[in-house]
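Engineer: When you get a sec, could you give me coordinates for this:
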Amino acid sequence: MTTLWMELRRSPVRLWFPVFLAITFAILFGRGVDWAGSWLDASAAAQLPAVAVAVVLAAATASAAARARRDDERRGVDASTWRIEATRLGAALSYGLGAYVIGHAVAAAVVLFSGAAGPGFLWPGYLVMGAIVVIGAAGIGQFVGNAVGGTVIVPVILGVAVLFVFSVLSAAFDLSVRRTTPYFEVSWSALLPRVGVAVFLCATAVTRPRRVGSDRRSPVRVASLGLLASVIAIGVVGSVIVPRVPPSPECTRTVPRLCVWPERHGSIPTLTAMAERMAALPEPFVVPETLSEIGLSGVPADRDFDGFVFADGDSWRTAGALAGAVAEATPALSCEGAADPEWTTARNELTYWARTWIAGEPWGDGSRTDDDLRFVEDMAAHASPEAQFDWVENRWESVAERDC
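Structural biologist: Presented below is the predicted three-dimensional model:
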């Protein structure tokens, strides 16, 4: 530990630590703090800076390794021991991973301060996904710096190359997510081979001999074989993101009852207001007693046709999903055999009106609404509830007589 502490104090990578922090906070807060109301969204947001930090860390580590190589050669040292190389790499990783972890700590503090996310914490799987990228980049930088040398041109070229490679591989290897849903989680069994790739990249970097005939040829072979085995294992274990086993949901205390994934805890007040407006829908709308978000039934989210789609922060989209569920439960609106234009128009108008009613407001300023539905939006915005219910009763005659 004493050796590592000494290396931390003299490593050239320490000068890059403020840059790592600046990158982390710029990406974390650059798009706002919409993620502050959900531990899951905060986990994804805190993981996003990993690739950018990794690119700069790879260049900084390569430059530091090349500088150390020149110093060794000037002192007449043929090759550093793997312990010295590991200490140098460990110091570089401490600064890169330190900034990355600080970003997670700040994200957690923001979520806790907001108080909207409820109990929970950041998902560790997403933290590890980003850490793999940072660790692998440091290993690549150490390897290239020792092998090629150079203090300016090589690190710059390496940074650009790492940016390109990670932009491709982070998606191919499931090491970066931009948006998350509670329907899926990180598979630790699939994550382990990716951890192996990062670790063996670093092991290859510190055990690679600088000259032919070095006694480090056997260790580097072992590290290279481990790296190859890890890459092969990634193809065997499959995707990191897998369907999640549904936990106990969060539900509104209303009739109808709307149930969502626990990570939506902060949205319960919004859903409660929607459920109360659904309960006030006039007859003959049929409102199901319980509606669950997709995936909560145990059926994979992409095949759960009975659940509704919850769009966090987009009440209009969520209202559309709930209005669709009401339409499916209402016999006159779910008549598959009805295809005449009058019935279709009436159904669309009634369903769209139900959507505006559930949402509690029309969609924006109406500029994005279809012309044949704009009058429904105008009515929802300006007419009294009694006038709207009268319109629903009159419009219902166009669909009520349909024999399904």
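Engineer: I'd like the next helix or strand past the helix or strand of the chain with the lowest mean pLDDT.
Structural biologist: When the helices and strands of the chain are scored by mean pLDDT, DSSP states H and E, helix 153-172 comes last with a mean of 67. Next along the chain after helix 153-172, taking DSSP states H and E as the criterion, comes strand 184-186.
Engineer: That next one - which strands sit beside it in the sheet, and in what orientation?
Structural biologist: Each strand paired with strand 184-186, and its direction, by DSSP bridges: strand 241-243 (antiparallel).
Engineer: And the partner strand, what's buried?
Structural biologist: Using 16 or more other Cβ atoms under 10 Å as the test for burial, strand 241-243 gives I241, P243. C-beta: built from backbone N, CA, C; applies to glycine.
Engineer: what pLDDT, on average, does it get?
Structural biologist: Strand 241-243 comes out with an average pLDDT of 83.
Engineer: Distance from the chain centre to that strand, please.
Structural biologist: Distance, stretch centre to chain centre, for strand 241-243: 12 Å (Cα atoms, centre = their mean, to the nearest Å).
Engineer: where does the stretch 301-404 of the chain dip in pLDDT?
Structural biologist: For the stretch 301-404 of the chain, the stretches flagged by pLDDT under 70 are 301-302, 305, 312-313, 336-339, 363-372, 398, 400-404.
Engineer: Actually, the stretch 101-250 of the chain.
Structural biologist: By pLDDT under 70, the low-scoring segments of the stretch 101-250 of the chain are 149-156, 158, 164-174, 176, 178-179, 209-220.
Engineer: contacts for stretch 18-34?
Structural biologist: Stretch 18-34 is contacted by residues 41, 45-46, 48-49, 52-53, 56-57, 95-96, 98-100, 102-103, 106-107, 110, 114, 313 when judged by Cβ atoms under 8 Å, 6 or more residues apart in numbering.
Engineer: What helices and strands are in contact with the longest helix anywhere in the chain?
Structural biologist: Looking across the chain with DSSP state H, the single longest helix is helix 82-114. Applying 3 or more Cβ pairs under 8 Å, 6 or more residues apart in numbering; DSSP states H and E, one finds that helix 82-114 makes contact with helix 2-10, helix 17-29, helix 39-47, helix 50-74, helix 124-148, helix 188-207.
Engineer: Got a quick ChimeraX command for the buried subset of the contacts of stretch 18-34?
Structural biologist: The ChimeraX selection below is limited to those of those classed as buried (16+ other Cβ under 10 Å):
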select :41,45,46,48,49,52,53,56,57,95,96,99,100,102,103,106,107,110
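Engineer: for C259, helix, strand, or coil?
Structural biologist: Under DSSP: H, G, I helix; E, B strand; the rest coil, the three-state class of C259 is strand.
Engineer: For it, which residues are in contact?
Structural biologist: Here C259 is in contact with P249, E250, C251, T252, T290, L291, S292, E293, L296 (Cβ under 8 Å, 6+ apart).
Engineer: And the residue nearest to the third one when sequence neighbours are not counted, how far from W123?
Structural biologist: If you skip the residues right next to it in sequence, C251 has C259 as its closest partner in space, 4.2 Å away by Cβ to Cβ, 6 or more residues apart in numbering. To W123, C259 is 21 Å away according to Cβ to Cβ, to the nearest Å.
Engineer: Could you do P49 as well?
Structural biologist: 16 Å.
Engineer: do R70 as well
Structural biologist: Using Cβ to Cβ, one gets 43 Å for the distance from R70 to W123.
Engineer: who's more crowded, these two?
Structural biologist: It is W123, of R70 and W123, that has more neighbours when counted by other Cβ atoms under 10 Å, with 21 against 13.
Engineer: Wait, the more buried one touches A46, no?
Structural biologist: No: W123 lies out of contact with A46 (Cβ atoms under 8 Å); the separation is 9.7 Å.
Engineer: ranges for the strands of the stretch 201-350 of the chain?
Structural biologist: Under the criterion DSSP state E, counting those that start in this stretch, the stretch 201-350 of the chain contains strands at 241-243, 250-251, 257-260, 290-292.
Engineer: Now tabulate the ones you listed in CSV and tack on distance to S384.
Structural biologist: Shown next, in CSV, are the strands of the stretch 201-350 of the chain (distance: least, Cβ to Cβ, whole Å):
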stretch, distance to S384
strand 241-243, 46
strand 250-251, 32
strand 257-260, 26
strand 290-292, 28
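Engineer: for the ones you listed, which one sits closest to T180?
Structural biologist: strand 241-243 (8.9 Å; Cβ to Cβ).
Engineer: Tell me how many other residues crowd V222.
Structural biologist: Neighbour tally, V222, other Cβ under 10 Å: 13.
Engineer: OK, contacts around it?
Structural biologist: Contact analysis of V222 by Cβ under 8 Å, 6+ apart lists A203, T207.
Engineer: how about a cut-off of 10 Å?
Structural biologist: F200, A203, T204, T207 (Cβ atoms under 10 Å, 6 or more residues apart in numbering).
Engineer: ok, so of those residues, who is nearest W357?
Structural biologist: Closest approach to W357 among these (Cβ to Cβ): F200, at 58.6 Å.
Engineer: That closest one reaches V231, doesn't it?
Structural biologist: Yes: contact criterion Cβ atoms under 10 Å: F200 and V231 qualify, at 9.1 Å.
Engineer: From what I see, R395 and T351 are in contact.
Structural biologist: No: the criterion here is Cβ under 10 Å, and R395 misses it with T351 at 11.1 Å.
Engineer: Helices of the stretch 201-350 of the chain, start to end?
Structural biologist: Ranges of helices within the stretch 201-350 of the chain are 217-237, 268-279, 315-329, 341-359, based on DSSP state H, counting those that start in this stretch.
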